[in-house]
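Trainee: here's my sequence, what's the structure:
(2 chains)
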2 protein chains.
Amino acid sequence: MQKVLTKQVLVVGLGLIGASFAKALKSNGICERVLGSTRSDQSLKKAIENQVIDWGSNNLQEAAAQLKEGDVILLATPTLAVPERLAELKDVLMRGVIITDAASVKGDLATKAVQIFGKMPAHLILGHPIAGSEKSGIDAADETLFKNHRVILTPTAETNRDSLKKVAQLWESVGAIVSEMGVEEHDRILAATSHLPHVLAFSLVDALAKRSEQRDIFTYAAGGFRDFTRIAGSDPQMWHDIVLANREAILAALDDFDKSLIQLRSAIDTGNSHRLLQIFSEAKTARDKFSAQLAEREKNSKPHKRN
Amino acid sequence: MQKVLTKQVLVVGLGLIGASFAKALKSNGICERVLGSTRSDQSLKKAIENQVIDWGSNNLQEAAAQLKEGDVILLATPTLAVPERLAELKDVLMRGVIITDAASVKGDLATKAVQIFGKMPAHLILGHPIAGSEKSGIDAADETLFKNHRVILTPTAETNRDSLKKVAQLWESVGAIVSEMGVEEHDRILAATSHLPHVLAFSLVDALAKRSEQRDIFTYAAGGFRDFTRIAGSDPQMWHDIVLANREAILAALDDFDKSLIQLRSAIDTGNSHRLLQIFSEAKTARDKFSAQLAEREKNSKPHKRN
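Mentor: From the prediction side, this is the model:
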């Protein structure tokens, strides 16, 4: 039986991430009451019907007024909307309610939080669950979404350690593996492993869709192409927000990628057999190693264990 | 009951493609006898033990000597080894044995065939099954590998239509959907939908593996990254051969991609919100359409039907 970690959790934004988190908390009895807030009355209705939340309101202030010191808010709205919600919750944060978020970019948000509050508030715990799907919305809510997935928290010197611990425990209670790192390191790593691949996938599909072949070029694409471009099926608005929020780190990652691509292009152009085999072999080795790591992580079903 | 299409088929090269084709022919009773030839005694032994072929030899001439007019050879060796095998089979081709192949690039091979024979031989049917996996070798042999997968044949004015028809029927008999197109069109389309994505995936993994992060960057990569880089786990030697054989078309596809990437990069750099949303939305629409087409194709289990 899971121990109750906190009395109330309010999830703001009931898309895939928010609804999955709420549903996981509720179904595992992690807190006494799971509240939800979203502007869409339809999502709110569905969230209550589908046992995603216990209570909801389309009015954020009304929902936040229910919370007491030590309760937790997860902001799971679109990335660019987080600072605005944060500003609206200034009073709530000041009276000891813990706020965390799920945005994919942390530096942009940290800067805006300092603008809003004058400094990083002690009970604001910035975080990022590395989980998702090309599906979106409350209908895709999945209480196992975070199981064995990484959640990165990015505390600062101002962060209250008890609040940090509580947020970490909440994520662990839904099966996530929690790590801590600095805001900049987070954004640099995510730019490389997530944002850049999305940019490349969107760009490739864009390039192919523009070609004026007599035959539909996609007719002859197969499973490998489908896997490679799966992430180009992700929500355009979400990715619009992410690339704008993490512009500099993404451009730096693109530059790194360009250097590798120029070298590979040159090896193709000059027919440098040895170099081609070397690049492909090293990439395969690195990819196989990563793939084995990920498979191991998914196999080791040890939720609630911090590392 | 499947009608016997041809008396004997000899499969040269018993890797994933060759062994899967042989196994599918044999298990469906498509021909009276399935022969195999490969230099590896171990693969040959395994092929016979695993019911992949009826008879095999590590000596290509010995194997080819068994064939009569109207029998078929599939060359399923690595791409760059095909011309050499073809030269060794000159006499066999001249006495009416049909030869086809499974190499991923057709232009390079067509040029070499003309060099070897003086012109394109009537019974040489160049072809390409668009099927595969990051697995390789005879152990990965799968008799359903070609089911609902495309096979492109690239006949020329010199091609004997009966031989073309027989090769098409053989592929259809193992469940493939056969199309015809010109050699250049084939190489251009495959460069865009298959070779370019592989180059990008190898290049991305290469770029990330080179980064000297304190933490292992792959630790924070998730399922989207795994799918995107799956094709970078493919056989390095095979992709070495393919990029060398289809150099020009791949460089042209890379140029096209670069144009799209430069536009997207500029939209990120200048924070062009409208343009970003447009590119991502159009790419998602194209990708979703492709994905639906592919799902439809895989659902419609109508093997043996030509389109």
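Trainee: in the stretch 51-200 of chain A, where is pLDDT below threshold?
Mentor: Applying pLDDT under 70 to the stretch 51-200 of chain A flags the ranges A:134.
Trainee: in it, which residue sits closest to chain B?
Mentor: A:Thr193 (4.0 Å; Cβ to the nearest Cβ). In short, each C-beta sits where N, CA and C put it, glycine included.
Trainee: residues contacting that residue?
Mentor: Counting by Cβ atoms under 8 Å, 6 or more residues apart in numbering or on different chains, A:Thr193 touches B:Leu208, B:Ile217, B:Phe218, B:Tyr220, B:Ala221, B:Ala222, B:Phe225.
Trainee: now swap in A:Gln263 and tell me
Mentor: Applying Cβ under 8 Å, 6+ apart, the residues contacting A:Gln263 are A:Arg275, A:Ile279.
Trainee: now it: phi and psi?
Mentor: Main-chain torsions, A:Gln263, degrees, to the nearest 10: phi -60, psi -40.
Trainee: also the one 5 residues further on?
Mentor: In terms of degrees, to the nearest 10, the main-chain angles of A:Ile268 are phi -70, psi -50.
Trainee: around it, how many other residues sit close by?
Mentor: 22 (other Cβ atoms under 10 Å in any protein chain shown).
Trainee: just checking, it touches B:Asn246?
Mentor: No. At 9.4 Å, A:Ile268 and B:Asn246 do not qualify as touching, with contact defined as Cβ atoms under 8 Å.
Trainee: mind listing what A:Ala249 touches?
Mentor: A:Gly107, A:Asp187, A:Arg188, A:Leu190, A:Ala191, A:His195.
Trainee: and the helix or strand containing it with helix B:247-269, angle?
Mentor: Assigned by DSSP states H and E, A:Ala249 belongs to helix A:247-269. Using axes from the mean of the first three to the mean of the last three Cα atoms, to 10 degrees, the inter-axis angle of helix A:247-269 relative to helix B:247-269 is 170 degrees.
Trainee: can I get helix A:247-269 in PDB, CA atoms only?
Mentor: C-alpha atoms of helix A:247-269 as PDB (Å, rounded to 0.1, in the frame of the first residue of the first chain):
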ATOM      1  CA  ARG A 247      16.500  28.400 -29.300                       C
ATOM      2  CA  GLU A 248      20.200  28.800 -28.400                       C
ATOM      3  CA  ALA A 249      20.900  25.300 -27.200                       C
ATOM      4  CA  ILE A 250      19.100  23.900 -30.300                       C
ATOM      5  CA  LEU A 251      21.100  26.100 -32.700                       C
ATOM      6  CA  ALA A 252      24.300  24.900 -30.900                       C
ATOM      7  CA  ALA A 253      23.200  21.300 -31.200                       C
ATOM      8  CA  LEU A 254      22.400  21.900 -34.900                       C
ATOM      9  CA  ASP A 255      25.900  23.300 -35.400                       C
ATOM     10  CA  ASP A 256      27.500  20.200 -33.900                       C
ATOM     11  CA  PHE A 257      25.300  18.000 -36.100                       C
ATOM     12  CA  ASP A 258      26.300  20.000 -39.100                       C
ATOM     13  CA  LYS A 259      29.900  19.400 -38.500                       C
ATOM     14  CA  SER A 260      29.300  15.600 -38.400                       C
ATOM     15  CA  LEU A 261      27.100  15.700 -41.500                       C
ATOM     16  CA  ILE A 262      29.700  17.800 -43.400                       C
ATOM     17  CA  GLN A 263      32.300  15.200 -42.600                       C
ATOM     18  CA  LEU A 264      30.100  12.300 -43.700                       C
ATOM     19  CA  ARG A 265      29.000  14.200 -46.800                       C
ATOM     20  CA  SER A 266      32.700  14.700 -47.700                       C
ATOM     21  CA  ALA A 267      33.400  11.000 -47.200                       C
ATOM     22  CA  ILE A 268      30.500  10.100 -49.500                       C
ATOM     23  CA  ASP A 269      31.500  12.700 -52.100                       C
END
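Trainee: list the buried residues of it.
Mentor: Buried residues in helix A:247-269, counted by 16 or more other Cβ atoms under 10 Å in any protein chain shown: A:247, A:249-254, A:256-258, A:260-261, A:263-265, A:267-268.
Trainee: any idea how far A:Leu75 is from the closest residue to A:Ile116 other than its chain neighbours?
Mentor: Spatially, and ignoring its direct neighbours in sequence, A:Ile116 is nearest to A:Ala87 (5.1 Å; Cβ to Cβ, 6 or more residues apart in numbering or on different chains). In this view, A:Ala87 and A:Leu75 are 11 Å apart by Cβ to Cβ, to the nearest Å.
Trainee: now do A:Asp139
Mentor: Distance from A:Asp139 to A:Leu75, by Cβ to Cβ: 21 Å.
Trainee: and for A:Asp91?
Mentor: A:Asp91 is 15 Å from A:Leu75, where distance means Cβ to Cβ.
Trainee: mind listing what the spatially closest residue to A:Arg95 that is not a sequence neighbour touches?
Mentor: Closest residue to A:Arg95 in three dimensions, ignoring its sequence neighbours and counting by Cβ to Cβ, 6+ apart: A:Glu69, at 6.3 Å. Each residue near A:Glu69 by Cβ under 8 Å, 6+ apart is listed here: A:Arg95, A:Gly96, A:Val97.
Trainee: the stretch 1-150 of chain A against chain B: which residues are in contact?
Mentor: A:Ile130, A:Ala131, A:Gly132, A:His149, A:Arg150 (Cβ under 8 Å from any Cβ of the partner chain).
Trainee: what about these, which are in strands?
Mentor: A:Arg150 (DSSP state E).
Trainee: and the residues of the stretch 1-150 of chain A next to chain B, which two are furthest apart?
Mentor: The most widely separated members of the residues of the stretch 1-150 of chain A next to chain B are A:Gly132 and A:Arg150, with 11.9 Å between them, by Cβ to Cβ.
Trainee: show me whatever sits in contact with both of these two.
Mentor: Common neighbours of A:Gly132 and A:Arg150 (Cβ under 8 Å, 6+ apart) are B:Ala222.
Trainee: so between those two, which is more surrounded?
Mentor: A:Gly132 (24 against 20).
Trainee: just give the nearest non-adjacent residue to the more buried one, would you?
Mentor: A:Leu16 (6.6 Å).
Trainee: am I right that that neighbour is in contact with A:Lys135?
Mentor: Yes. Taking contacts as Cβ under 8 Å, A:Leu16 lies within contact range of A:Lys135: 6.5 Å.
Trainee: those two - which one has more neighbours?
Mentor: For the pair A:Leu16 and A:Lys135, the greater number of neighbours falls to A:Leu16 (25 against 13), based on other Cβ under 10 Å.
Trainee: how about that one, what does it touch?
Mentor: A:Gly132, A:Ser133, A:Lys135, A:Ser136, A:Gly137, A:Ile138, A:Ala140, A:Ala141, A:Asp142, A:Leu145.
Trainee: before we move on, what about A:Ile242?
Mentor: A:Thr79, A:Ser104, A:Val105, A:His195, A:His198.
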